[in-house]
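A.B. asks: kindly return the folded structure for what I paste below:
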Amino acid sequence: MIGSLLDTILDRTVIAGYTRVGYRMRRGMWNPAEMQSMDGKVVLLTGGTSGLGLAAAEGFARRGATIWLPARSEQRGERARAQIAARSPDSNVQVGLCDLSDLKSVRRFAKRLVGETERLDVLVNNAGTLTSERLSVDGIELTFATNVLGPFLLTNLLIPLLEQSAPARIINVSSGGMYTQRIHLADLQMAHGEFDGSTAYARTKRAQVILTELWAERLQDTGIVVHAMHPGWAATPGLESSLPRFYALTKRLLRTPQEGVDTIVWLGTAARPARSSGGFWHDRRERPTHRVPWTKQTHQDHERLWAECESLSGWHETPTPAGSDR
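C.D. replies: Sure thing, here's the model as predicted:
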């Protein structure tokens, strides 16, 4: 009870809970044996060529998993592969070209993956961007395209492979910044008014949590569980380049990438997360999805987000046949 109370206090204070202080205080309460072997398992991580994604890929590789890394360039992918191999010499890392902001690229990569592997045990949607650039190659707002639409399409294209490999897991990497925003369904791509990259980013992170809950509902009884998480504040090249002022003010308190991804690897390997679905986690504990009432929306709003993602991505859910148990 004392440990749980301390954890909650750290979480509510935000600064203490999200920095390395919170991580280092909590880790003494954890059981190291929870992290299980991944021998024979296949893990796909988007955004795995640097920062948190690369640290998570290294964590899964150390436990014996075969790693698939979608990369926007062959050079970035091969550099990440070499770094993982240097730390885990027996690792098996596959690299494929994929730009999550480009829907055709996502479809090509998914087709290749399905053709080259017979299983997928863990899908980690980690790639993300915080940018002032406006549009993707498909004419979609770039932050939304990269953080929401690309992962939505990739995940749905790979669900048959995940189901074939069940029990399987989907992990969506969100951000504590999502606590500040709700989804604006009338303006998902922030086309009206002045565009603000940080606001757009936070809204997409809220969208990821909503989609997690919707996938959890849709995938009941398939053997696939779906969770979202946030890593706290970690020192990564992406944070330094996108929020340089915040990085400069907090760098002495920031977590290492390895500390930030601990919960990603735990969600992918431990037994406890497999017993539930649709949760939002931080430091190995499920957290509330709202801190303030004005970010709450209805289930109907959430379904409208799903419908918009279907329309924009060109992927459409197949209706459940009559008489099916799904």
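A.B. asks: grab the nearest non-local neighbour of L10.
C.D. replies: G17 (3.9 Å; C-beta to C-beta, 6 or more residues apart in numbering). To be clear about C-beta, it is placed using only N, CA and C from the backbone, and glycine gets the same treatment.
A.B. asks: and that neighbour, backbone torsions?
C.D. replies: phi -70, psi -30 (degrees, to the nearest 10).
A.B. asks: is it true that it touches D11?
C.D. replies: Yes - between G17 and D11 there is a contact at 4.5 Å, judged by C-beta atoms under 8 Å.
A.B. asks: list the buried residues in the least confident helix or strand in the chain by mean pLDDT.
C.D. replies: Ranked by mean pLDDT, DSSP states H and E, the weakest helix or strand in the chain is helix 2-13, scoring a mean of 83. Residues of helix 2-13 classed as buried by neighbour count (16 or more other C-beta atoms under 10 Å): 7, 10-11.
A.B. asks: need those in JSON lines with distance to Q36, can you?
C.D. replies: As requested, these are exported to JSON lines (distance: C-beta to C-beta, whole Å):
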{"residue": "D7", "distance to Q36": "23"}
{"residue": "L10", "distance to Q36": "26"}
{"residue": "D11", "distance to Q36": "26"}
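A.B. asks: tell me where this protein has helices.
C.D. replies: 2-13, 15-18, 20-26, 51-62, 74-87, 103-116, 142-144, 150-164, 197-218, 237-242, 244-250, 257-260, 262-269, 299-313 (DSSP state H).
A.B. asks: H290 is nearest to which of these?
C.D. replies: Closest approach to H290 among the helices of the chain is made by helix 197-218 (9.6 Å; C-beta to C-beta).
A.B. asks: ok, V137 - how many residues close by?
C.D. replies: Neighbour count for V137, taken as other C-beta atoms under 10 Å: 13.
A.B. asks: these two touch, right, it and V106?
C.D. replies: No - using C-beta under 8 Å, V137 makes no contact with V106, being 11.4 Å away.
A.B. asks: if we can go back for a sec, intersection of neighbour lists for G17 and D11?
C.D. replies: Common contact partners of G17 and D11 (C-beta atoms under 8 Å, 6 or more residues apart in numbering): H282.
A.B. asks: so what's L97 bridging to?
C.D. replies: For L97, the beta-bridge partners are A71 (DSSP bridges).
A.B. asks: touching, it and L69? I think so.
C.D. replies: No - in this structure, L97 is not within contact of L69 by C-beta under 8 Å, at 10.3 Å.
A.B. asks: of those two, who's got more company?
C.D. replies: L69 (25 against 15).
A.B. asks: and for P151, the neighbour number?
C.D. replies: For P151, using other C-beta under 10 Å, the count is 30.
A.B. asks: which ones are touching it?
C.D. replies: Contacts of P151 by C-beta under 8 Å, 6+ apart are 46, 100, 125, 127, 172, 208.
A.B. asks: and with 7 Å instead?
C.D. replies: For P151, the contact set (C-beta atoms under 7 Å, 6 or more residues apart in numbering) comprises 46, 100, 125.
A.B. asks: next one, pLDDT for it please.
C.D. replies: Looking at P151, its pLDDT reads 98.
A.B. asks: equivalent analysis for the one 5 residues further on, please.
C.D. replies: The model reports N156 with a pLDDT of 98.
A.B. asks: please apply the same query to N125.
C.D. replies: Taking N125 on its own, its pLDDT is 98.
A.B. asks: repeat for V122
C.D. replies: Taking V122 on its own, its pLDDT is 98.
A.B. asks: now do the contacts for it.
C.D. replies: Taking C-beta under 7 Å, 6+ apart, one finds 41, 43, 168-169, 171, 268 in contact with V122.
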